[in-house]
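Novice: pasting the sequence and the predicted coordinates here, then a few questions.
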Amino acid sequence: MEGEEMAQDTAVPKLSFQYWLDKAVEWGQTTTLESQQDVCLHLPKLQEFLQQIYESLKHMNSTTAIQRFPLIGQLLGRLCWNPFVVGYDESQKTLMWCLCCLYSNEPQNPVELKANSWILSLLCHLLSSSSWGANEVGTGTFISALGCTSADYYSKLVKNIVSSLVTELKGNQFNGLNIQGRVSDDHVTVVSLFCVPLITLPDVTPLLEALLTYHGGGSQEVLSSEFLEAVNETFLKNALLETGGTPEVMTIIQMFTQCFVQAHQKDNKQHKFPLKAYFPHHHQHLVIALLKHPFDLPATLWSQHLKYITDMLKAIIEDKSIRSYADLFESWFLFVHFGEWADIAVEQLLKSEDESSDTFLWLLAFYYSPHNDKEKRTQIVVEARAVYDRLMMLFSCTNLSITDLQAAASTKTDKRQPCTKHLVRHLLLSFLLFSSGGHKIAQEFISHVILASNTTNEVFGLLIRTAYRFNQLGLKNQRAVKLVNELLQELRFTD
């Protein structure tokens, strides 16, 4: 996104990058007292610069990072091997964070594999230089005598450090009883902080598991808040990114949020925070709008409220001063939590054809495809609009065939994006539920088209959400309610 690029260019000026690279080269060429003093003199500003680099890198994948900063490896490599730089704990920690951002979790080619190996060797070197490693004089000579490479040595050293810490943590637990005296809670807090920059590295996984299952002696949480936040963020991304943001995952998130809000609003004497307090990092006006439950508004005002939500989302994600891709993700993730408004947007599209159709199609395009840029999102709206227009021509027809509906949803080419296909299926399902003739062919269409296209779970999730919303609204005898329950029964039986 343009806004993201502008923000990152501002955060890390090219002149500043070149300045520190030149400094790193200069410091590496001599070991005089003057050069050492120069390092110490510049350390505060260097730390500030490295923090800026990290703030930019953490919102990029490794490929984008290398493209944006082609000399980043040379700079970090030189700094990692400067003992006066890594001797400063804050610089050492930030260097670790930057290196972890460059690590490819799924390397696609030999270059990325080689880069990963180089990154791991640097991380191992930094760890061995820290209080966690063996910081003895003459380590290089010792490694040479062993006949192995420094990368091999440091890799084994890291595994030993991790194994030792895991044993230490687990040794404090015996048959479910907490044995005091082995590990202090303060030490566990320090270990959890130490792990923050290393959370995505495979070799550290056993230590993360040991920390997450650790129980201290008191009632207070012993793991650092930074560690818990980093684990939570990483987990949500391995849950969302690995599934490609599929509708099934979005349905689970939405249903959980609805149950949570319902439980929160129960009239009891338990002390509770306001609901909006659970979403502190989001735009509060958007939070408040999404927290407004559909059954708290007359159905005649749903369309107006949806326009209000859409206008706010548009303003946020198309804002040229947007700080990062994370801002876009956070806005989308918040909207997914309250995805019932996306379901209502589809229904409003089919029930009331007016000037709002472009607004609602944009909202649905964002819901199903948050990562795309403005141009691609516009293309999704165009593709969805073509299907929508054909469906509206059939909406009042009382005699429909499966062939008619398939023709309306078809495309001349097979280049339709997956997110558009999700959106079109959402439109089709609502058409079957609410159109004059759709309900007559709904079961046949589900059986012959949906089941054949291997999208049963997706459609089942949409039906579950619809049934839950109908129940919340107190709808019982309407035709659409009965049809939803019949279709759910059929899909359960098929499954």
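Specialist: Cool, got the structure.

Novice: span of stretch 292-303 from start to end?
Specialist: With Cα to Cα, to the nearest Å as the measure, stretch 292-303 spans 13 Å from end to end.

Novice: list the buried residues for it?
Specialist: Neighbour-count burial for stretch 292-303 flags 293-294, 302-303 (criterion: 16 or more other Cβ atoms under 10 Å). All C-beta atoms are positioned from the backbone trio N, CA, C, and that covers glycine.

Novice: among those residues, which lie within helices?
Specialist: Under the assignment DSSP state H, the buried residues of stretch 292-303 contribute 302-303 to helices.

Novice: and His283, how many neighbours?
Specialist: Residues near His283, counting by other Cβ atoms under 10 Å, number 17.

Novice: I'd say it and Ile316 touch.
Specialist: Yes - His283 is within contact range of Ile316, at 6.1 Å (criterion: Cβ atoms under 8 Å).

Novice: which residues does Leu102 contact?
Specialist: Neighbouring residues of Leu102 by Cβ atoms under 8 Å, 6 or more residues apart in numbering: 57, 62, 65-66, 72-73, 76, 115, 119.

Novice: mind running it again at 7 Å?
Specialist: By Cβ atoms under 7 Å, 6 or more residues apart in numbering, the residues touching Leu102 are 62, 65, 115, 119.

Novice: most neighbours among those residues, please name it.
Specialist: Tallying neighbours with other Cβ under 10 Å puts Ile119 at the head of the contacts of Leu102, with 22 neighbours.

Novice: tell me which helix or strand it sits in.
Specialist: Secondary structure from DSSP states H and E places Ile119 in helix 110-129.

Novice: would you list the buried residues of stretch 292-303 in JSON lines and tack on distance to Ala263 and pLDDT?
Specialist: Formatted as JSON lines, the buried residues of stretch 292-303 follow (distance: Cβ to Cβ, whole Å; pLDDT from 0 to 100):
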{"residue": "His293", "distance to Ala263": "13", "pLDDT": "84"}
{"residue": "Pro294", "distance to Ala263": "18", "pLDDT": "85"}
{"residue": "Trp302", "distance to Ala263": "24", "pLDDT": "92"}
{"residue": "Ser303", "distance to Ala263": "29", "pLDDT": "91"}
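
Novice: just flag the most distant two among the buried residues of stretch 292-303.
Specialist: Distance extremes for those: the farthest pair is His293 and Ser303 at 16.0 Å, using Cβ to Cβ.

Novice: all strands for this protein, in order.
Specialist: Taking DSSP state E, the strands of the chain run over residues 173-174, 177-178.

Novice: from the contacts of Leu102, pick the one nearest Ser331.
Specialist: Of all these, the one with the least separation from Ser331 (Cβ to Cβ) is Ala65, at 23.2 Å.

Novice: that closest one and Phe295: what is the separation?
Specialist: The gap separating Ala65 from Phe295 is 46 Å, by Cβ to Cβ, to the nearest Å.

Novice: do Val39 as well
Specialist: Distance of Val39 to Phe295, computed by Cβ to Cβ: 64 Å.

Novice: also Leu79?
Specialist: Leu79 is 58 Å from Phe295, where distance means Cβ to Cβ.

Novice: now Cys80
Specialist: For Cys80, the distance to Phe295 (Cβ to Cβ) stands at 58 Å.

Novice: state the distance from the closest residue to Val162 other than its chain neighbours to Val166.
Specialist: Nearest residue to Val162, sequence neighbours excluded (Cβ to Cβ, 6 or more residues apart in numbering): Leu207, at 4.8 Å. In this view, Leu207 and Val166 are 6 Å apart by Cβ to Cβ.

Novice: which one of these two is surrounded by more residues?
Specialist: Per other Cβ under 10 Å, whichever of Leu207 and Val166 has more neighbours is Leu207, with 23 against 16.

Novice: tell me the pLDDT of the more buried one.
Specialist: At Leu207, the pLDDT value in this model is 82.

Novice: next one: Ala11
Specialist: We note a pLDDT of 51 for Ala11 in this prediction.

Novice: list the contacts for the nearest residue to Gln348 once chain neighbours are set aside?
Specialist: Spatial nearest neighbour of Gln348, excluding adjacent residues (Cβ to Cβ, 6+ apart): Ser303 at 5.2 Å. By Cβ under 7 Å, 6+ apart, the contact list for Ser303 reads 348, 352, 356.

Novice: just checking, the first one touches Phe360?
Specialist: Pointing back at Gln348 there. Yes - Gln348 lies in contact with Phe360 (Cβ atoms under 7 Å); the separation is 6.1 Å.

Novice: which residues are in contact with both of those two?
Specialist: Shared contacts of Gln348 and Phe360 (Cβ under 7 Å, 6+ apart): Leu306.

Novice: okay, those two: which has more neighbours?
Specialist: Shown here are Gln348 and Phe360; by other Cβ under 10 Å, Phe360 has more neighbours (26 against 22).

Novice: mind listing what that one touches?
Specialist: With the criterion set at Cβ under 7 Å, 6+ apart, Phe360 makes contact with 306, 345, 348-349.

Novice: and the gap between the closest residue to Glu26 other than its chain neighbours and Tyr88?
Specialist: Spatial nearest neighbour of Glu26, chain neighbours left out: Ser35 (7.3 Å); criterion: Cβ to Cβ, 6+ apart. Per Cβ to Cβ, Ser35 is found 16 Å from Tyr88.

Novice: okay then, goodbye and thanks.
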